[in-house]
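Student: 3D model of this:
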Amino acid sequence: MCAIRTDTGRAAGRPAFRGLRRAPGFTAAVIVTLGLLITFNGLAGWTWGYVVKAFPSPFPSTPIEIGGVGFSAQDLGVIGVSLGTLLLIYLLFSRTKLGLALRASSLYPAQSRLVGIRVSWMMAIGWGFASVVGAISGVMIAPVVFLDPNMMQGIIVYAFAAAVLGGIESPLGAVVGGLLLGVVLALLGAYVDFIGTDLRLPVAFGIIIIVLLFRPAGLFGHVQQRRV
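Tutor: Here you go, the predicted model:
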């Protein structure tokens, strides 16, 4: 994975972020990422159309029985691949020089340049890794939500809500936040009649707003205080 060329990500990332260099890092990243998402979704729909298509699952369709209880192979496969991907990301950022350079370039770009780290290359590689993880996510979820250019929009909202709930800067918090969000939305959809399955997305938006108002760092995040 480290040898993957990221010329496309580099070409897309540099001009897009250039106009937002004075904005806070996270704000710029969110704005540019959403803008690129809308742009590429539109290009995909214009090229291939918006017809919803089925996508074959990489896992068997027969359920798996454990202790007399049946489980969907698709759900277990998604959980397993997600945990494996998170483990690889953790090992990358905590056990390799490349991962440490990526973290340093993200948190302290000016200081990283002083010690010889090519921050622009690190950003391009980061875009490449993000594309790989996004592709894995798309392959995992496409058999469930079917295939169309807008298939990831609702999922991105849920993922962002989970990350905000657990803590944007905490990978463990994002995982725990995702589990909590999924349980809460499932319970609300099952036991609150007016929510059902149609209003789960607005509930996720409401969770984002509430968490940002009362605990901006999330459940596992830490507020950084700086002296002026």
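Student: and residue 93, what does it touch?
Tutor: Listed by Cβ atoms under 8 Å, 6 or more residues apart in numbering, the contact set of residue 93 reads 99, 100, 102, 103. C-beta here means a position set from N, CA and C on the backbone, and glycine is covered the same way.
Student: Of those residues, keep whichever come out buried.
Tutor: 99, 102, 103 (16 or more other Cβ atoms under 10 Å).
Student: Adding pLDDT as columns, could you present these in a markdown table?
Tutor: Converted to a markdown table, those look like this (pLDDT from 0 to 100):
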| residue | pLDDT |
| --- | --- |
| 99 | 92 |
| 102 | 93 |
| 103 | 90 |
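Student: Can you show me the helices along this protein?
Tutor: 7-18, 25-48, 73-95, 97-107, 109-114, 119-145, 153-166, 171-191, 200-214 (DSSP state H).
Student: if we compare the ones you listed, which one ends up closest to residue 57?
Tutor: Closest of the helices of the chain to residue 57 is helix 119-145, at 3.9 Å (criterion: Cβ to Cβ).
Student: Indicate which one of the helices of the chain is closest to residue 54.
Tutor: With Cβ to Cβ as the criterion, residue 54 lies closest to helix 119-145 of these, at 7.8 Å.
Student: show me what contacts the most centrally placed residue in the chain?
Tutor: Among the residues of the chain, the one closest to the centroid is residue 159, at 5.8 Å (Cα atoms, centre = their mean). By Cβ under 8 Å, 6+ apart, the contact set of residue 159 is residue 178.
Student: Before we move on, what's the pLDDT of it?
Tutor: The confidence metric pLDDT takes the value 85 at residue 159.
Student: Same check on residue 224?
Tutor: Here, the pLDDT recorded for residue 224 equals 62.
Student: Count the neighbours of the spatially closest residue to residue 111 that is not a sequence neighbour for me.
Tutor: Spatial nearest neighbour of residue 111, chain neighbours left out: residue 104 (7.4 Å); criterion: Cβ to Cβ, 6 or more residues apart in numbering. Residue 104 has 16 neighbouring residues, counting by other Cβ atoms under 10 Å.
Student: shouldn't residue 104 be in contact with residue 118?
Tutor: No - if you go by Cβ atoms under 8 Å, residue 104 and residue 118 don't touch, sitting 11.4 Å apart.
Student: do you know how far the residue of the chain positioned farthest from its centre is from residue 74?
Tutor: Going by Cα atoms, centre = their mean, the residue of the chain most distant from its centre is residue 68, 34.4 Å out. Separation of residue 68 from residue 74 (Cβ to Cβ, to the nearest Å) stands at 20 Å.
Student: do residue 188 as well
Tutor: As for residue 188, its distance to residue 74 is 23 Å (criterion: Cβ to Cβ).
Student: and the two? which has more neighbours close in?
Tutor: residue 74 (18 against 15).
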